[in-house]
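*Asks:* I'll drop the sequence and a predicted model, then ask my questions.
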Amino acid sequence: MTESNDVILSLKHMQKSYGSHKVLKDISFDIKKGEIVTIIGPSGGGKSTTLRCINLLEEPTGGEIDFHGENILHPSYNRNTFRSKVGMVFQQFDLFENKNVLENCMIGQELVLKRSKDEARKIAMANLKKVGMEPFIKAKPQQLSGGQQQRVAIARAISMDPEVLLFDEPTSALDPEMVGEVLEVMQKLATTGLTMVIVTHEMGFAKSISDRVLFISDGIITEQDSPYELFDHPKNEKTQKFLSNFRNNEF
Ligand SMILES: Nc1ncnc2c1ncn2[C@@H]1O[C@H](COP(=O)(O)OP(=O)(O)O)[C@@H](O)[C@H]1O
Ligand SMILES: [Mg+2]
């Protein structure tokens, strides 16, 4: 095998079916340390399912997912360790409504990583500062705007020190005026060397932030390339058609 050491995750012919419905037919790609991979494609094509299989929210029904060369789908693999290494930011933020901003960013660290309260607080505060949410540590999620909640969700995710952070349309539930503040935080995170896999409909953002872009439709990767090639010189007909639905000046 010629697998390079800096490959963190390697998906090999991953499949997912619900009953007879084959949602993912054959998904293969690598995620290297520090890489920013974005996934675009039409609704219902399998983007969310791909992310949910990577972090085992869904069980793939075929293929392999190798994490540092070990197949996490093997029965003897310790999934608990793996789960804490892969974080996820959801479209709907998914914060704990009954906990304040600071508590939201501490609880996983204490329960999963067994950090002390003091340590968890220190790390949470540092990350809340990074996303500009330090002034809101006592607020409950309902008191915040969508953009602010999503920034807290990002601070919570990075407080777990993930090796890979997955984003599933993190700005799709936001009012348009709040999209920018969340993209800006993600752009900043990208410069820290964090490995990120991002599903997004923000084409301009995808073009500027990505090392590699995957186009997924009908449960397969129909095209993957550098952002320049994929957006400016798409080769696959489906990619061309999808991109033509976005206004030319958008990316
Ligand atoms: N839990 C489920 N049970 C049955 N079908 C599902 C389930 N989750 C997703 N699907 C189907 O899988 C397909 C891909 O969905 P999804 O991964 O959410 O697409 P995307 O994120 O690209 O819009 C859709 O046809 C969807 O209806
Ligand atoms: Mg989706």
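*Replies:* Great, that's in hand. Ligands and ions are numbered 1, 2, ... in the order given.

*Asks:* didn't residue 73 look like it was pressed against residue 62?
*Replies:* No - between residue 73 and residue 62 there is no contact under C-beta atoms under 8 Å: 9.4 Å. Every residue, glycine included, has its C-beta placed from N, CA and C.

*Asks:* what's the spacing between residue 71 and residue 212?
*Replies:* With distances taken as C-beta to C-beta, to the nearest Å, residue 71 is found 23 Å from residue 212.

*Asks:* go on, residue 123?
*Replies:* From residue 123 to residue 212 the distance is 30 Å (C-beta to C-beta).

*Asks:* Looking at residue 71 and residue 212, which has the bigger crowd around it?
*Replies:* Remark: of residue 71 and residue 212, residue 212 carries more neighbours, 20 against 15, as counted by other C-beta atoms under 10 Å.

*Asks:* secondary structure element for the closest residue in space to the more buried one that isn't next to it in sequence?
*Replies:* Spatially, and ignoring its direct neighbours in sequence, residue 212 is nearest to residue 37 (5.1 Å; C-beta to C-beta, 6 or more residues apart in numbering). Per DSSP states H and E, residue 37 falls inside strand 36-40.

*Asks:* distance between that strand and the chain's centre?
*Replies:* 9 Å (C-alpha atoms, centre = their mean, to the nearest Å).

*Asks:* Please apply the same query to stretch 143-155.
*Replies:* Centroid separation for stretch 143-155 versus its chain: 16 Å, with C-alpha atoms, centre = their mean.

*Asks:* Buried residues in that stretch, which are they?
*Replies:* 144, 146, 147, 148, 149, 150, 151, 152, 153, 154, 155 (16 or more other C-beta atoms under 10 Å).

*Asks:* cool, stretch 225-239 as well?
*Replies:* 225, 227, 230, 231, 234, 236, 238, 239.

*Asks:* from those, which ones fall inside strands?
*Replies:* Here DSSP state E is the test, and the buried residues of stretch 225-239 give residue 225 as lying in strands.

*Asks:* Residue 218: which of the buried residues of stretch 225-239 is nearest?
*Replies:* The closest of those to residue 218 turns out to be residue 238 (C-beta to C-beta; 8.3 Å).

*Asks:* What residues does the stretch 1-150 of the chain have near ligand 2?
*Replies:* Selection of the stretch 1-150 of the chain residues close to ligand 2 by C-beta under 5 Å from the ion yields 47, 48.

*Asks:* Look up the residues forming beta bridges with residue 18.
*Replies:* Per DSSP bridges, residues listed as beta-bridge partners of residue 18: residue 21.

*Asks:* Give me the below-cutoff pLDDT ranges for this protein.
*Replies:* Along the chain, the parts satisfying pLDDT under 70 run over 1-5, 247-251.

*Asks:* Just want the residue of it that's nearest ligand 2.
*Replies:* residue 48 (3.2 Å; C-beta to the ion).

*Asks:* tell me the contacts of that residue?
*Replies:* Neighbouring residues of residue 48 by C-beta atoms under 8 Å, 6 or more residues apart in numbering: 168, 169, 199.

*Asks:* hmm, 7 Å instead?
*Replies:* Residues in contact with residue 48 (C-beta atoms under 7 Å, 6 or more residues apart in numbering) are 168, 199.
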